[in-house]
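J.: Please find the sequence and the predicted model below.
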Amino acid sequence: MKRGRLPLTALRSFEAAGRLESFTLAAGELFVSQAAISRQIRELEDLVGRPLFERRHRSVRLTAEGRSLLSVLTAAFDMVGDSLEALSGRKASQILKVSAEPSFAGCWLVPHLAEFQREHPEIDLVIDADPRLVGFRSGDADIAIRHSLNLSSWPRVEARRLAQVEMIPVIAPELSRSGRLLSTPADFLQHALLHEDNREAWQQWFAAAGAGPVGIERGAIFADGAMVLQAALRGNGVGLIDRDHVRDELKTGRLLQPFDISVPYGAFFLVARRFDALSEAAQSFVTWVERAYPGAGCGN
């Protein structure tokens with residue numbers, strides 16, 4: 001097809017929808033309506049003469065032809081974005097965009113940012129706390145930190161394991177002195193249990209502690225570990241938190257760990273489009289995190 005006839009708007013809509021596997025998310029990214037995305041993709045399918053998506057009740061999935069086209073478009077758009085960014089001089093601005101999993105950002109990254117700034121005062125960080133996988137589109141993010149229970153790789157990006165996650169129970173000193181003895185793990189049930197996302201992690205911890213099957217139907221559920229940490233610090237209950245995220249609080253006595261029992265809960269990963277193509281600022285950040293994060297290199 002001649003370049004002058006390339007349906008660039010439709011191709012951009014298709015690339016976003018295919019990459020995100022959602023017409024709705026693509027519409028949000030491109031600031032258009034979902035109907036516009038659907039119409040553009042229909043026109044593109046009419047042009048090529050075959051379906052690019054399988055439409056389901058509440059989801060879409062790329063066909064084999066769609067996956068083939070997406071791989072070409074994503075690479076092409078990335079190259080265009082990189083070229084425009086280089087021409088505009090944005091990479092030399094030393095502004096580094098980091099997308100971090102909310103628990104990592106709130107519990108460890110933000111409290112330790114001053115250390116990074118002392119080493120690299122020339123780099124200004126822009127931090128986005130977001131659990132979603134980053135596509136590294138132009139203006140998106142330079143480096144990401146993600147958590148996964150069982151995955152270690154994702155399409156179209158490179159991932160480097162940073163640290164294993166070990167969840168431990170912690171409690172504020174004043175709550176431990178409330179008169180309710182903590183002589184066995186089951187005694188935690190006398191207090192409110194604080195949960196991240198769901199109640200499964202506490203179930204796993206009680207099983208590892210030998211407390212047997214425990215019915216846990218109560219306790220506040222928080223969106224991320226940083227909220228659990230704040231609730232635990234304020235004596236609102238017993239938190240189950242990543243060991244690496246409460247080292248400072250345990251060291252200073254702001255939190256206590258009554259039982260030295262932990263459960264594995266996935267791992268954190270550094271994620272980039274390509275590690276060998278990182279900017280100098282991004283490489284400095286990666287080097288610092290791998291050196292400063294307490295669990296880095298342990299059991300990886």
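T.: Alright, I've got the coordinates.

J.: could you point out which element follows the lengthiest helix in the chain?
T.: Taking DSSP state H as the criterion, the chain has its longest helix at helix 64-88. Later in the chain than helix 64-88, the nearest helix or strand by DSSP states H and E is strand 95-100.

J.: what helices or strands is that next one leaning on?
T.: On a contact count with 3 or more CB pairs under 8 Å, 6 or more residues apart in numbering; DSSP states H and E, strand 95-100 meets strand 124-129, strand 143-148, helix 280-292. All C-beta spots, glycine's among them, are computed from the backbone N, C-alpha and C.

J.: What pairs with the second one, parallel or antiparallel?
T.: Just to be clear, that refers to strand 143-148. strand 95-100 (parallel), strand 263-272 (antiparallel) (DSSP bridges).

J.: re the thing from before, in the longest helix of the chain, what's buried?
T.: Buried residues in helix 64-88, counted by 16 or more other CB atoms under 10 Å: Gly66, Leu69, Leu70, Leu73, Thr74, Phe77, Asp78.

J.: contact partners of it?
T.: Residues from elsewhere that reach helix 64-88 (CB atoms under 8 Å, 6 or more residues apart in numbering): 11-12, 14-15, 18-19, 48, 50-53, 62, 91, 136-139, 156, 273.

J.: Check stretch 20-39 too.
T.: Under CB under 8 Å, 6+ apart, the answer for stretch 20-39 is Arg12, Ser13, Ala16, Ala17, Arg19, Ile41, Ser59, Val60, Arg61, Leu62, Gly135.

J.: start to end distance for stretch 201-219?
T.: 13 Å (CA to CA, to the nearest Å).

J.: now it: how far from the chain's centre is it?
T.: Taking CA atoms, centre = their mean, to the nearest Å, one finds the center of stretch 201-219 at 26 Å from the center of the full chain.

J.: go on, stretch 250-260?
T.: Counting by CA atoms, centre = their mean, stretch 250-260 comes out at 27 Å from the chain centroid.

J.: now this structure, which segments are flagged as low pLDDT?
T.: 85, 88-93, 138-139, 178-180, 212-213, 297-300 (pLDDT under 70).

J.: Residue for residue, what is the longest strand it has?
T.: If you go by DSSP state E, the chain has its longest strand at strand 158-170.

J.: domain ranges for the chain?
T.: Domain ranges of the chain: 3-87, 90-162+266-292, 166-265, per automatic domain parsing.

J.: how about a markdown table for the contacts of stretch 20-39, with secondary structure and distance to Ala129 added?
T.: Below are the contacts of stretch 20-39 laid out as a markdown table (DSSP: H, G, I helix; E, B strand; the rest coil; distance: CB to CB, whole Å):
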| residue | secondary structure | distance to Ala129 |
| --- | --- | --- |
| Arg12 | helix | 27 |
| Ser13 | helix | 28 |
| Ala16 | helix | 22 |
| Ala17 | helix | 25 |
| Arg19 | helix | 21 |
| Ile41 | helix | 31 |
| Ser59 | coil | 26 |
| Val60 | strand | 28 |
| Arg61 | strand | 29 |
| Leu62 | strand | 29 |
| Gly135 | coil | 17 |
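
J.: Export those residues to TSV and append columns for neighbour count.
T.: Formatted as TSV, the contacts of stretch 20-39 follow (neighbours: other CB atoms under 10 Å):
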residue	neighbour count
Arg12	18
Ser13	25
Ala16	25
Ala17	28
Arg19	21
Ile41	23
Ser59	11
Val60	20
Arg61	12
Leu62	19
Gly135	20
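
J.: And the furthest pair within those?
T.: Pairwise distances across those peak at 21.2 Å for Arg12 and Ser59 (criterion: CB to CB).

J.: List the buried residues of stretch 94-103.
T.: Leu96, Lys97, Val98, Ser99, Ala100, Glu101, Pro102, Ser103.

J.: how far away is the fifth one from Val271?
T.: Shown here: Ala100 relative to Val271, a distance of 10 Å by CB to CB, to the nearest Å.
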